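Engineer: Return atomic coordinates for the entry below.
(2 chains)
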Protein chains: 2
Amino acid sequence: MRCEVVAIGTELLLGQILDTNSAWIGEHLAAAGIDAHFQTKVGDNQARMVQALRIALSRSEAVIVCGGLGPTQDDITREAIAEVMNVPLERDQAVVARIRSMFEARGRTMSENNKRQADVPRGAVVIPQTRGTAPGLICPVGKKVVYAVPGVPYEMQDMLERAVLPDLTARAGTRSTIVSRVLRTWGLAESALAELVGPRLDALDAAGSNPTIAFLASGIEGIKVRVTAKAEDRDAALGLLEAEEAELRAILGSYVFGVDDDTMETAVGVLLEEQCLTLGLAESMTGGLVASRLVNVAGSSAWFRGSVVSYASEVKFDVLGVPEGPVVCEEAAAAMAEGARKVLGADVGLSVTGVAGPAEQDGQPVGTAYFGIALDDDTQVVHARLFGDRERIRQYAAISLLDALRRRLLARA
Amino acid sequence: MRCEVVAIGTELLLGQILDTNSAWIGEHLAAAGIDAHFQTKVGDNQARMVQALRIALSRSEAVIVCGGLGPTQDDITREAIAEVMNVPLERDQAVVARIRSMFEARGRTMSENNKRQADVPRGAVVIPQTRGTAPGLICPVGKKVVYAVPGVPYEMQDMLERAVLPDLTARAGTRSTIVSRVLRTWGLAESALAELVGPRLDALDAAGSNPTIAFLASGIEGIKVRVTAKAEDRDAALGLLEAEEAELRAILGSYVFGVDDDTMETAVGVLLEEQCLTLGLAESMTGGLVASRLVNVAGSSAWFRGSVVSYASEVKFDVLGVPEGPVVCEEAAAAMAEGARKVLGADVGLSVTGVAGPAEQDGQPVGTAYFGIALDDDTQVVHARLFGDRERIRQYAAISLLDALRRRLLARA
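Structural biologist: Model (predicted):
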């Protein structure tokens, strides 16, 4: 089974927005064992969309078209697919009613334009929309199929997982199942990781490359180690996967902070919950970033008290009780952590102060960071040197701070 | 003159790396007035690369192939182009010497593999490499042309600017320049925006569609309105663009919060700076998100004091002085804003409290939000109802809160 992706939008060709959808879809097709040999981007022009669809259908059994399902006049994916299918568009009144009720639920009135989103090529099946107003479409073309999904990533991803991938794998009738799992690591460069895992890679290669291992550099989120296993059924594939995960964990130890959708903040949350500790933050250089990551963890209200984002030095002195003087140093980080613990009424006080740039501060170079952890009767400070631009330094500081807490909690357990 | 981009690499199809090169090239082709109607991604497979090149050449006068010029066995762009040209590859000894000297300058020895990078299809012209070991190629195919450039962005960009774009514009002969600008809007659905702008769109269509207008839904960041103008030179194109921006601003008023790279937080920052006001936050449901956006604004330390992320109710009571009782209501939002102003020593206190979900709170449904603004002698509270999952509600709350402050500051000016 081969499936191509056709991404629609003149703004993609003009480089005004980046086509992240095709990459996301490509990753998920690969994980489902479906071959993807070509991806195409084409503008909001019906003749060229039709041409791109015909070429894709000539060499693959399925095509996923992404974008051009909005309510405006330049959203013409429906028209292009109907032309390829050689059928008329028909307005689906049930879909109109659904769009109208979505608007009404938000206290708004559906505009006339939105009714276009209910146009369906004759013979196509609607994928009900749950996140936006545009439904998706499953459009048979002879024995082949075109799927249309919205270009908004959040709507597209939902429809891919809920409707398109299940339909594709059913059509593929694949006998073998591919499963994969990602080990999330933090604290090792890709080359160092590759050296550690090298002998294991060689052993897998020699034994027939199942499972396979790949490294995915994810920038500020560390290096991902993806394990992919193939077997006749899901249980057998999962068995291979789990055995390989155990091998890799034995090699990588606490560099692994989670799997798949785990994040550094979910890892920290689990440890806090296990140890019945509440957390309060004092953030300077990260400016609220650490707090905003922690509140995204489901159930964080059980252990997260809050954060004092002390961007101005006076807020550090007046609210957190940091002694007046330099604020980028070990002493300030310790006082911030203790201040946060006290002011926010938490068991653990966690602080970060440093220099995100562009200029140095308190005689400390850009990239300097101090992480304070006030826990039990012991306040510890970790010093780090981070690299990159302002935004990158902040992001690195946030995850490094959480990693410092994770390691302290692991040692305490 | 039409030019397509073909990006080479199985890792692009698998979504392991994002194809940022095609977007960059598309942007630069548009700026040079060259039409780009299609972009294709294809894996490291010679037959499929040849097929993609032939299709691109069948509909455009020029093709830029990006990637697959490295030294390893899966770098086969040279072979694929030679097949399309129907000529042999010939090793260029001058290029070999240049690669060897690049290695020697780094104190390393050239490997045998690297000599493959000196293979040139007969009849092609070499684009000398200055940043990496791979040279680029200008390959005539009948009256058309294929350019090959490396996939490393930094090497690709250099060759595009130095050799490919000048060659392309010389071939194009007549030059026209395309410029575009994006108006950032907040507060209108795409369909409502389309209805407001509809008459203007019709007028432009009737007058020959220059400039053109397109809407780009950007999810949580509002709707972008892109204006694109074409003229013989840059000044004339910019003149058209500015006249159209004025037309649209007259229609859209304060729904427009900025242009191009402006964000809601930079818009707020400009207003605070103009009015010589400092800002302190009290964030509940957004959990630090608003603060972390504000500190990303260059120069925000001049007006941003900090934030009390009062996630636990006790933090609202103890730190911000909110009266004990329900915390998702108008009164709590007002008290939080006043508390933030006082505790953080700011001129403006800005607060947000609400229900991000998954469960309702204080009898209020998921999506409820109250925004408090304490400024001058007047504390005002705005009530909003937001939609989506937890993360989306938080993101909407953050930008809506900043928009509420922007409108208050605009009214005050």
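Engineer: Please go through chain A and pick out the longest helix.
Structural biologist: Taking DSSP state H as the criterion, chain A has its longest helix at helix A:390-412.
Engineer: And that one, what's buried?
Structural biologist: Going by neighbour count (16 or more other C-beta atoms under 10 Å in any protein chain shown), the buried part of helix A:390-412 is A:390, A:392-409. Yep, even glycine has a C-beta here, placed from its N, CA and C like the rest.
Engineer: what's the answer for stretch A:235-248, then?
Structural biologist: Using 16+ other C-beta under 10 Å as the test for burial, stretch A:235-248 gives A:237, A:240-241, A:244-245, A:247-248.
Engineer: Export only the CA atoms of that stretch, formatted as CSV.
Structural biologist: Output of stretch A:235-248 as CSV, limited to C-alpha atoms (Å, rounded to 0.1, in the frame of the first residue of the first chain):
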residue,chain,number,x,y,z
ASP,A,235,1.4,-8.9,20.9
ALA,A,236,4.5,-10.4,19.4
ALA,A,237,5.6,-7.0,18.1
LEU,A,238,5.1,-5.5,21.6
GLY,A,239,7.1,-8.3,23.1
LEU,A,240,10.1,-7.4,20.9
LEU,A,241,9.6,-3.8,21.7
GLU,A,242,9.6,-4.3,25.5
ALA,A,243,12.6,-6.5,25.5
GLU,A,244,14.5,-3.9,23.5
GLU,A,245,13.4,-1.1,25.8
ALA,A,246,14.8,-3.0,28.7
GLU,A,247,18.2,-3.5,26.8
LEU,A,248,18.4,0.3,26.1
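Engineer: still on that earlier bit, so is the longest helix of chain A next to chain B?
Structural biologist: Yes. Against chain B, helix A:390-412 shows contacts by C-beta under 8 Å from any C-beta of the partner chain at A:390-391, A:394.
Engineer: Identify, from those, the entry nearest to B:Gly269.
Structural biologist: Nearest to B:Gly269, judged by C-beta to C-beta, of the residues of helix A:390-412 next to chain B is A:Arg390 at 15.0 Å.
Engineer: Check the gap between that closest one and B:Asp347 for me.
Structural biologist: 25 Å (C-beta to C-beta, to the nearest Å).
Engineer: on that earlier part again, mind putting the residues of helix A:390-412 next to chain B in a markdown table, pLDDT included?
Structural biologist: Formatted as a markdown table, the residues of helix A:390-412 next to chain B follow (pLDDT from 0 to 100):
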| residue | pLDDT |
| --- | --- |
| A:Arg390 | 88 |
| A:Glu391 | 87 |
| A:Arg394 | 94 |
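Engineer: where exactly do the helices run in the stretch 301-413 of chain A?
Structural biologist: Using DSSP state H, counting those that start in this stretch, the helices of the stretch 301-413 of chain A run over A:313-320, A:330-343, A:390-412.
Engineer: Give the other helices and strands that the longest one contacts.
Structural biologist: Using 3 or more C-beta pairs under 8 Å, 6 or more residues apart in numbering or on different chains; DSSP states H and E as the contact criterion, the secondary-structure elements in contact with helix A:390-412 are helix A:264-274, helix A:289-294, strand A:348-354, strand A:368-375, strand A:378-385.
Engineer: out of these, nearest to B:Ala192?
Structural biologist: Evaluated with C-beta to C-beta, the helices and strands packed on helix A:390-412 place helix A:289-294 nearest to B:Ala192, the distance being 29.9 Å.
Engineer: same question for that closest one, mean pLDDT?
Structural biologist: When pLDDT is averaged along helix A:289-294, the result is 96.
Engineer: And stretch A:266-276, by the same measure?
Structural biologist: Averaged across stretch A:266-276, the pLDDT comes to 97.
Engineer: residues of it that come out buried?
Structural biologist: Across stretch A:266-276, burial judged by 16+ other C-beta under 10 Å covers A:266-272.
Engineer: so which of those comes closest to B:Ala291?
Structural biologist: Closest to B:Ala291, out of all of these and judged by C-beta to C-beta, is A:Val268, at 19.7 Å.
Engineer: returning to that earlier point: mind putting the helices and strands packed on helix A:390-412 in a markdown table, distance to B:Val328 included?
Structural biologist: What follows is the helices and strands packed on helix A:390-412, written out as a markdown table (distance: least, C-beta to C-beta, whole Å):
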| stretch | distance to B:Val328 |
| --- | --- |
| helix A:264-274 | 23 |
| helix A:289-294 | 19 |
| strand A:348-354 | 27 |
| strand A:368-375 | 31 |
| strand A:378-385 | 35 |
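Engineer: Quick check: residues of the stretch 201-350 of chain A near chain B?
Structural biologist: For the stretch 201-350 of chain A, the contact set with chain B under C-beta under 8 Å from any C-beta comprises A:214, A:216, A:281, A:283, A:286-292, A:294-296, A:298, A:300-301, A:304-312, A:314-315, A:318-319, A:343-345.
Engineer: Just the buried ones from the residues you listed?
Structural biologist: Judged by 16+ other C-beta under 10 Å, buried ones among these: A:216, A:281, A:283, A:286-292, A:294-296, A:300, A:304-312, A:315, A:319, A:343-345.
Engineer: low-confidence ranges in the stretch 1-150 of chain A?
Structural biologist: Applying pLDDT under 70 to the stretch 1-150 of chain A flags no residue at all.
Engineer: Tell me, what's the model's pLDDT at the residue nearest to A:Ala312 when sequence neighbours are not counted?
Structural biologist: Setting aside the residues directly before and after it, A:Ala312 is nearest to B:Arg305 in space (C-beta to C-beta, 6 or more residues apart in numbering or on different chains), at 4.7 Å. Per-residue pLDDT puts B:Arg305 at 97.
Engineer: Enumerate every residue touching B:Arg305.
Structural biologist: If you count contacts by C-beta atoms under 8 Å, 6 or more residues apart in numbering or on different chains, B:Arg305 has them with A:311-312, A:314-315, B:278-280, B:344-346.
Engineer: what about A:Asp103, neighbour count?
Structural biologist: Let me fix one detail, which is that residue A:103 is Phe and not Asp. Neighbour count of A:Phe103, defined by other C-beta atoms under 10 Å in any protein chain shown: 16.
Engineer: Apologies, that question was intended for A:Ala189.
Structural biologist: Neighbourhood size, A:Ala189 [other C-beta under 10 Å]: 10.
Engineer: what about it, distance to A:Glu195?
Structural biologist: 10 Å.
Engineer: any idea how far the residue nearest to A:His383 when sequence neighbours are not counted lies from chain B?
Structural biologist: Of all residues not flanking A:His383 in the chain, A:Tyr370 sits nearest, at 5.7 Å (C-beta to C-beta, 6+ apart). A:Tyr370 sits 17 Å away from chain B, going by C-beta to the nearest C-beta, to the nearest Å.
Engineer: how about A:Tyr370, what does it touch?
Structural biologist: Counting by C-beta under 8 Å, 6+ apart, A:Tyr370 touches A:328-330, A:332-333, A:351-354, A:381-384.
Engineer: Tell me how far A:Leu350 lies from B:Ala170.
Structural biologist: 60 Å.
Engineer: higher neighbour count, those two?
Structural biologist: Neighbour comparison, A:Leu350 and B:Ala170: the larger count goes to A:Leu350, with 29 against 9 (by other C-beta under 10 Å).
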